[in-house]
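In: after the sequence you'll find the predicted model.
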Amino acid sequence: MTLKISGINKSFDGKRILAGVSLEVGDGEIVALIGASGSGKSTLLRIICGLESADDGEVMLAGENLDGVPCEKRNIGMIFQSPILYPHMNVARNLHLGISGKMSREEKDELVEQILNDVDLAGFQLRNVDELSGGEAQRVALARTLLTKPRALLMDEPFSALDTELRESLAEKTRKLLSQLDIPIIHVTHDVDEAQRIADRVVRLCDINIL
Amino acid sequence: MLSRVLRTLVISTYALMILAPVVIAIDRLWAVTGVAPWQAFGLLGDLAVADGVLLFTCLVSVTASLLTLALGLPLAIVLAKYEWKNIALIRAILVLPFVCPAIVAAMGFLVLFDAGGPLNYVGIDLYQQSGIIGTISATLGFANVGHFIALSLALCWFNLSLVIRFIEPTLANMNPDWEDQLKLLPQGKSLWQRIRHLYAPILAPGIIASAGLTFVFSFTSFALVRWLAPSADTLETLMADYGGSAGIYGYRIMSSEIVLASSMVQIVILGSALWLVSHMQSLHQSRIAIVAESFRRKQQGKAKLRHRAILVCGVVFAVLPLLLTIISSFKMRVVENGQVSTEWTTQGWSIAWRGDLSYAGAGEALGYSLVYAALTLVIAMPLGWMMAATIHSLEKEGKLVRAKIVDFISFAPLIVSAVMAGLGILLGIIMWFPELFAWFLLPVWAHIMMVTPFVVRVMLPALRSMDERYIEQAKILRLNQFQRFRLITLPSLKGPVIVASALCLAFSLGEFGATWVLARTGDWTTLSVLVDDLMSRPNYFPGVRPAAMASATILMSLTLALFFISEKFRDSKDTGGF
């Protein structure tokens, strides 16, 4: 299920952000994308998952051209810099949002319990999201994304708001979790150490550059 | 984001329901009078009955706006700057008059100013204009200065909440470090310099917007003018008086000329005022964004005696007319052996409920009011929400001019006023569907016209402030449009939806101008029309006034209950103005 990006161009208000960006990420491969602020890393991820459209170029996943496919139909997971958890729902209900298909409440709860164990948050089901620390919230967001069984995973600097110690330990745990998935993963970061710790391959996105 | 087709559908529905009646009515008046709408402005000066009406309307609206600022700003400042126990309750009491039905306010002020009322007791006679008021009247050569003051005060009371809602949250969330920093700079040494460089740029759009809205609501006030300034006419009361015989070919053409001229002048003046308000509101929103980014509410210590005095006066001013209405419902005049006295009784309530002195009892009127309010909610809420979503959607796409135009269209019913909305339906729609003439649901249409702009005003800031990332995340989680609405949008907007719904119900329950115009053609009496009907009876019957006050109290209780429910769900940073 290779993710192939070719010739992506994107401008905002006449300013070119991405110029002919191409990248290929294989099954089970984790690619760390690094680059300076404003180099278009986040924009590239938003184009891949369908939140933005490219001016030019194409995104292919498992041989399928995703051009014109709306975000909600692409089945690409994305974790944002700050975890987007819905404040009107508790942890379990936030996680339920990631489960698709018909399933009984018990089956859903079982899946939630299992995934919370995987991210070391056992027993957090009934917690309100505003009671979570930054690291816990980010792990809930990761768990929810994993529950969607995505065909590819995009991570937009998910640990950048955390302190160094927590960032290192979370990166380690995430690496273990991600290595069990057989999907292409792009991890955006500006921390070269973190990139090397998590990724199989590190790619630099220059200001205006072709990879 | 709304699709283009859906957007077009929403705007068309709104235009059809809200604008079409008025456009058709003006077309009919044009046909009857033979005067084109753009030539009608001159008519107002030519018609003897309209002499001085425009001047009076403008004068009282400007006075009310200035008075509202003069009383509202100190209240907003002390509320924002100092610590208060139960601040939510105090704020709720101060802004309560805005949802209070105009006819109830009129009754409250009538008791306040009337013979035997508290003001009369301290020697201020606004009604008969004796004593000091008479002297002022004679000095100024202004025949009805008492009525003018009474009306201006009542309009100020009614709109006080606008100043508080616009200014208080902005001021409370302003970072005090900004002023401290300015004090250390050469350009911020004096208070005046700090007002010029800091407070005025931040607060001016909100102040102008609230004053503009006060002007608009004062200009179109009907119930208050009808009862507090019976000697004077505004454009709104003039239209209402002559509207009954307008639009009929060959019959009392002067009535049609008055209505056409008044409505055209009103459209131009209110249109200009609302354009300014709309522009100032968006400037105000940008100021709030700047303030909110930097700080969260933190008061500057305990209030001093003078601050407490200001707030106590404000609270007393807000509740006094309402309390007097309730008290008056239990007081009845008794004449025995030529002596007039007052007795405490619940007879007024019985008379009102049974309808002994009116065409309908309060129970029946309550039934109509509730049915109209419920139907208004069912239609106005989704329509207003969709209009707000359309404006927001255009803004997000960067189509700012189009967004501004649609935003302005959403204000349209306020431009035409309640009486004109009623006349629009009467003259316009009935022309096409005469069988609807006696349909009891006819007033619902007018209620929807008058209430929908408020739904838009509440929902639009809420949509603008909703975190867009929530929806993006939901899309990534593969939720479809309906799921996104049900699971994310609706719960996120729960507060504003409840506030808008409560306002919808409250404003519909209290709607008077349009219902009064339409109710003349049928026998559907709402509570607000019942109050007016009872008060119009000869005062010879001692039960008239307590029965009217009892009906007004029922109406007031309903709207205030809705108001307090909505306040529970209101965001403390809400600065939408309503």
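Out: The structure has been received and is ready for your questions. Residues are numbered from 1 along each chain as shown, chains lettered A, B, ... in the order given.
In: torsion angles phi and psi at residue B:127?
Out: Main-chain dihedrals, residue B:127, degrees, to the nearest 10: phi -80, psi -60.
In: would you map the helices across chain A?
Out: Along chain A, the stretches classed as helices by DSSP state H are A:41-49, A:71-74, A:91-96, A:105-118, A:134-147, A:164-179, A:192-198.
In: comparing these by mean pLDDT, which bottoms out?
Out: Among the helices of chain A, helix A:164-179 carries the lowest mean pLDDT, at a mean of 81.
In: residue B:271: how many residues sit nearby?
Out: Other residues near residue B:271 number 17, with proximity taken as other CB atoms under 10 Å in any protein chain shown. C-beta here means a position set from N, CA and C on the backbone, and glycine is covered the same way.
In: other SSEs contacting the helix or strand containing it?
Out: Secondary-structure assignment from DSSP states H and E places residue B:271 in helix B:253-294. Contact analysis of helix B:253-294 by 3 or more CB pairs under 8 Å, 6 or more residues apart in numbering or on different chains; DSSP states H and E lists helix B:20-33, helix B:43-46, helix B:53-81, helix B:145-172, helix B:200-219, helix B:235-243, helix B:400-410, helix B:412-423 as its packing neighbours.
In: most tightly surrounded among those helices?
Out: Highest mean neighbour count among the helices and strands packed on helix B:253-294 (mean count of other CB atoms under 10 Å in any protein chain shown): helix B:412-423, with a mean of 28.
In: quick one: buried residues of stretch B:101-121?
Out: The neighbour-count check on stretch B:101-121 (16 or more other CB atoms under 10 Å in any protein chain shown) flags B:101-114, B:117, B:119-120 as buried.
In: for the nearest residue in space to residue B:418 that is not next to it in sequence, give its distance to chain A.
Out: Using CB to CB, 6 or more residues apart in numbering or on different chains and skipping residues adjacent in sequence, the residue nearest residue B:418 is residue B:513, 3.0 Å away. Noted for residue B:513: a distance of 39 Å to chain A, by CB to the nearest CB, to the nearest Å.
In: ok, residue B:314 next?
Out: Distance check for residue B:314 against chain A: by CB to the nearest CB, it reads 34 Å.
In: which residue is the nearest non-sequential neighbour of that residue?
Out: Among residues not flanking residue B:314 along the chain, residue B:75 sits closest, at 4.4 Å (CB to CB, 6+ apart).
In: which residues of chain A lie near chain B?
Out: Counting by CB under 8 Å from any CB of the partner chain, the positions of chain A adjacent to chain B are A:49-51, A:70-73, A:75-78, A:80, A:84, A:86, A:88-89, A:97-98, A:100, A:144-145, A:148.
In: mind checking which of the residues you listed are buried?
Out: Using 16+ other CB under 10 Å, the buried ones in these are A:49-51, A:71-72, A:75-78, A:80, A:84, A:86, A:89, A:97-98, A:144-145, A:148.
In: quick one: residue B:349 and chain A, what's the gap?
Out: As defined by CB to the nearest CB, residue B:349 lies at a distance of 43 Å from chain A.
In: contacts only, for that residue.
Out: Taking CB atoms under 8 Å, 6 or more residues apart in numbering or on different chains, we find residue B:349 in contact with B:329, B:546-547, B:550.
In: residues contacting residue 109?
Out: Reading this off chain A. Residues near residue A:109 by CB under 8 Å, 6+ apart: A:92, A:125.
In: that was the other one, I meant chain B.
Out: Residue B:109 makes contact with B:150, B:153-154, B:157, B:224, B:227-228, B:321 under the criterion CB under 8 Å, 6+ apart.
In: any chance of the residues you listed in CSV, with distance to chain A and pLDDT too?
Out: Output for the contacts of residue B:109, formatted as CSV (distance: CB to the nearest CB, whole Å; pLDDT from 0 to 100):
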residue, distance to chain A, pLDDT
B:150, 48, 90
B:153, 43, 93
B:154, 41, 94
B:157, 37, 94
B:224, 41, 90
B:227, 45, 87
B:228, 46, 88
B:321, 39, 92
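In: so which of these is the closest to residue A:57?
Out: When these are ranked by distance to residue A:57 (CB to CB), residue B:157 comes first, at 63.0 Å.
In: do you know how far the nearest residue to the closest one once chain neighbours are set aside is from chain A?
Out: The shortest distance from residue B:157 to any non-neighbouring residue, by CB to CB, 6+ apart, is to residue B:97 (5.3 Å). Using CB to the nearest CB, one obtains 32 Å as the distance from residue B:97 to chain A.
In: just residue B:193 next, same as before
Out: Distance of residue B:193 to chain A, computed by CB to the nearest CB: 37 Å.
In: next one: residue B:340
Out: 61 Å.
In: for that residue, grab the count of nearby residues.
Out: Neighbour count of residue B:340, defined by other CB under 10 Å: 10.
In: my guess is it contacts residue B:542, does it?
Out: No - contact criterion CB atoms under 8 Å: residue B:340 and residue B:542 do not qualify, at 9.6 Å.
In: so who does residue B:131 touch?
Out: Counting by CB under 8 Å, 6+ apart, residue B:131 has contacts B:123-125.
In: can you do 10 Å?
Out: Contacts for residue B:131 (CB atoms under 10 Å, 6 or more residues apart in numbering or on different chains) come out as B:120, B:123-125, B:146.
In: following the lowest-mean-pLDDT helix or strand in chain B, which helix or strand shows up next?
Out: Of all helical and strand segments in chain B, the minimum by mean pLDDT, DSSP states H and E falls on helix B:430-432, at a mean of 70. Counting by DSSP H and E, the next helix or strand C-terminal to helix B:430-432 is helix B:442-465.
In: the next helix or strand after that following helix packs against which elements?
Out: Per DSSP H and E, the first helix or strand lying C-terminal to helix B:442-465 is helix B:468-476. In terms of contacts (3 or more CB pairs under 10 Å, 6 or more residues apart in numbering or on different chains; DSSP states H and E), helix B:468-476 is packed against helix A:41-49, helix A:71-74, strand A:76-79, helix A:134-147, helix B:481-483, helix B:490-492.
In: what's the third one packed up against?
Out: What that stands for is strand A:76-79. helix A:41-49, helix A:134-147, strand A:152-156, strand A:185-189, helix B:468-476.
In: redo the ones you listed as CSV? Include distance to residue B:133.
Out: What follows is the helices and strands packed on strand A:76-79, written out as CSV (distance: least, CB to CB, whole Å):
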stretch, distance to residue B:133
helix A:41-49, 68
helix A:134-147, 66
strand A:152-156, 70
strand A:185-189, 74
helix B:468-476, 57
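In: looking at these, spot the one closest to residue A:117.
Out: helix A:134-147 (9.6 Å).
In: can you give me the angle the helix holding residue B:271 makes with helix B:235-243?
Out: Relative orientation of helix B:253-294 and helix B:235-243, computed by axes from the mean of the first three to the mean of the last three CA atoms, to 10 degrees: 150 degrees.
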